[in-house]
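Trainee: Sequence and computational prediction follow.
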Amino acid sequence: MLTSVRLTSAAIYALIALVTVTLNILLIIVLVHMRSRNGKLKRSFFFFIWQIIICGLISQFVEIVLVVPGTFAGYDFFGSVYPPRAIAFFDTLSYNGLLYFSLVLATSRLTAIALPRINEALFEGRRIFWSISFVWAVDWIFVIVTNVTGCWNTFDFKGFFLKHECVKDKSEFATLFGRVIGLPESFGFEFGSGSDRVTRKLRARV
């Protein structure tokens, strides 16, 4: 890979991470301000947005700790496959969490209008914390089971993008589980992140 392409990609990743973190911080400030000024702000909406922000910040943590320095270096400076997998584990966790909490947030808004009793049973009072805990538990279980059964997220230091890899002799359960969470077999069980899309565009011009 050309050094200019690698350094350009690293700079783009760093810029995107910086902008994303800044926007999340601004969103936190707005939420805190709205909550203090308006006590009637819907509690479930408030807490679900917080979970989405947390997922976004975790994702950017992975970008800053793994993707940006890994792209700048252009080689595996960890010297082992395990640190990148451990860090990238949280990328999968945050990505899935973002999808799950977005779905639950939309569901809570729908039930608040169309099915108020269900909304009250799932998203009102202290029950909101049970719903949040359940979503996080599902997220952690899915990612842990996927890793244990032979599929994990890692960083490609040559192509400088995050990807999922699975062992060739993975169990049938792992294959099915990978399909459920979106690891397409047609792509050799390599699933690129947002960084991958930027990388492919840059590489296409070389």
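Mentor: Perfect, I can see it now.
Trainee: residues of the lengthiest helix in the chain that come out buried?
Mentor: Counting residues, the longest helix found in the chain (DSSP state H) is helix 3-37. For helix 3-37, the neighbour count (16 or more other CB atoms under 10 Å) marks Val5, Arg6, Ser9, Ala10, Ile12, Tyr13, Ala14, Ile16, Ala17, Val21, Asn24, Leu31 as buried. Where C-beta positions appear, they are placed from N, C-alpha and C, glycine not excepted.
Trainee: what's whichever helix or strand comes after that helix packed up against?
Mentor: Going down the chain from helix 3-37, the next helix or strand is helix 43-62, by DSSP states H and E. Judged by 3 or more CB pairs under 8 Å, 6 or more residues apart in numbering; DSSP states H and E, the packing partners of helix 43-62 are helix 3-37, helix 82-114, helix 127-148.
Trainee: what inclination does helix 43-62 have with respect to helix 3-37?
Mentor: Taking axes from the mean of the first three to the mean of the last three CA atoms, to 10 degrees, one finds that helix 43-62 is oriented at 160 degrees with respect to helix 3-37.
Trainee: Using TSV, lay out the buried residues of helix 3-37 together with pLDDT and distance to Leu98.
Mentor: As requested, the buried residues of helix 3-37 are exported to TSV (pLDDT from 0 to 100; distance: CB to CB, whole Å):
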residue	pLDDT	distance to Leu98
Val5	86	29
Arg6	87	28
Ser9	90	23
Ala10	91	24
Ile12	94	21
Tyr13	93	18
Ala14	94	21
Ile16	94	16
Ala17	94	16
Val21	95	15
Asn24	94	12
Leu31	86	17
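Trainee: which one of those sits closest to Cys151?
Mentor: Nearest to Cys151 among these, counting by CB to CB, is Tyr13 at 24.1 Å.
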